[in-house]
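Colleague: what follows is a predicted protein model with its sequence.
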Amino acid sequence: MPKQSFLQACDSAVRALYGAARAIAFALLSLSLCPTTALAGRAPATSPVSYRAPVAPPGAPEIELHVEERGQGSPLLLLHGLGASSYSWRHVAPELARWHRVIALDLRGFGRSDKPFDQRYSAADQAAHVVAFIRRRGLTRLTIAGHSYGGAVALLVTLELNRTSPGLIDRLVLLDAPAYPQQATAFVEFLKQPVLPYALLSLIPPELPTAAALSTERNDGNVDIGDVRAYAAPYYEAAARHALISTARQLRPANWRAIIARYASIRQPALIVWCDHDHVVPIATGQRLAKTLPNARLHVIAGCEHSPQDERPAELLRLIGGFMGR
C-alpha cells in the first residue's frame, strides 16, 4: 500500500474511533448520568438495607433484582433511567425515607441485578419484572416514581396493575419520561449498529465516557470520582454492556399506539416533573402527558438538564413531599 494511502486509512480509522467515543461521552446524557448536587448539611436519615429479590414473571425464567430499601410508612418504589441504577436516587432517597418506605430497584440488566445474555430487555419485559417484584413483596397503596426510561416502565407497570389489581397503585411520579415516540439520541443510534457497540464498549474504560459526560454537565467541570466509579462499575461486565445495547435496540415498542391510547385510563394522581433544558426527552412530551392523564399536574424545574434527582434534589424533594402529603 502506498504511504499516502496508508496514512489516509489510519487517519480515517482514528477519526471514526474518536467520533464514536465522542458520541458515547455526550450521549451518556440519555443514561441519566448528570451532574451531582449534594444536599449540604444533611446526613442520611437511615442506612439502606440491600438485598436480592428473586422474581419470575409469567413465561420468563427467575432472576434476582438488587434492591435497596429504607424507612417506614407508605411504600415508594423508585425506578432509574437507562444505563443507570438505584445509585441515581442517592440524593433524595434518604430524605424521602423520613416519611416513607423507600424501595429503589436496579432494573433487570442494570446496576447489581442479574444480567442474562438474552433479549428480554424491552420496557414491557422490565415492567413484567417490576410487577412480579411488587406482587412477591406484597406491596399495596404504592407510589411509583420513574425517571426517564424508568418513567416509561412505571407507566406500563401502572397500566398492568390497574388492569389486574385495581387500587394497588395510589400515585405516580414521572421525571422526564419518554412516554411517546421520539427521535433517538446519538448514543442510542450508535448502540443500534450491528457490531461496533459491542467492540467499542469493550475497549474503552467505562470511567472515561462517564467522567466526560459528568464534566460536560457541570459548570465548574468538577466531577465526583465516587460518582464516576459507581456509574461506570457495572460496565466492566460484558453482560451489562449486552443489556444496555439490547435495551437501546428495543426502546420503541411495536404497539406504541395501543399503549398511548390507554394513558387516559390512568386516573391516579400523577406528578410530572420536567427539566426545562432537557435535550434527551423534549418538554413537549411532559406537556402532552400532563394533558392526557386525567389527574396529572406538570412542574418544570428551571436550570435543569435531564435528571432532577441529581441536579435539583432539594426542589424535587419539596415537590414529592407536597404531592405525597408527608
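Modeller: It's in.
Colleague: could you measure the residue nearest to residue 246 when sequence neighbours are not counted against residue 271, distance?
Modeller: Excluding the flanking residues, the one nearest residue 246 by Cβ to Cβ, 6 or more residues apart in numbering is residue 121, at 4.1 Å. In this view, the C-beta of every residue, glycine as well, is placed from N, C-alpha and C. Separation of residue 121 from residue 271 (Cβ to Cβ, to the nearest Å) stands at 28 Å.
Colleague: what do you get for residue 72?
Modeller: As for residue 72, its distance to residue 271 is 22 Å (criterion: Cβ to Cβ).
Colleague: comparing those two, which residue is more hemmed in?
Modeller: residue 271 (22 against 12; other Cβ atoms under 10 Å).
Colleague: in three-state terms, label the more buried one for me.
Modeller: The three-state assignment at residue 271 reads strand, by DSSP: H, G, I helix; E, B strand; the rest coil.
Colleague: wait, it touches residue 319, no?
Modeller: Yes. At 6.4 Å, residue 271 and residue 319 qualify as touching, with contact defined as Cβ atoms under 8 Å.
Colleague: CA atoms of the strand or helix carrying residue 163 as CSV?
Modeller: For residue 163, the host element (DSSP states H and E) is helix 149-164. Coordinates of each C-alpha in helix 149-164 appear next as CSV, following Å, rounded to 0.1, in the frame of the first residue of the first chain:
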residue,chain,number,x,y,z
TYR,A,149,-36.6,5.2,30.8
GLY,A,150,-37.8,4.2,34.3
GLY,A,151,-40.8,6.5,33.9
ALA,A,152,-41.8,4.7,30.7
VAL,A,153,-41.5,1.4,32.7
ALA,A,154,-43.6,3.0,35.5
LEU,A,155,-46.4,3.8,33.1
LEU,A,156,-46.5,0.2,31.8
VAL,A,157,-46.5,-1.1,35.4
THR,A,158,-49.4,1.2,36.3
LEU,A,159,-51.4,0.1,33.2
GLU,A,160,-50.9,-3.6,34.0
LEU,A,161,-51.7,-3.3,37.7
ASN,A,162,-54.7,-1.1,37.1
ARG,A,163,-56.0,-3.9,34.8
THR,A,164,-55.3,-6.8,37.1
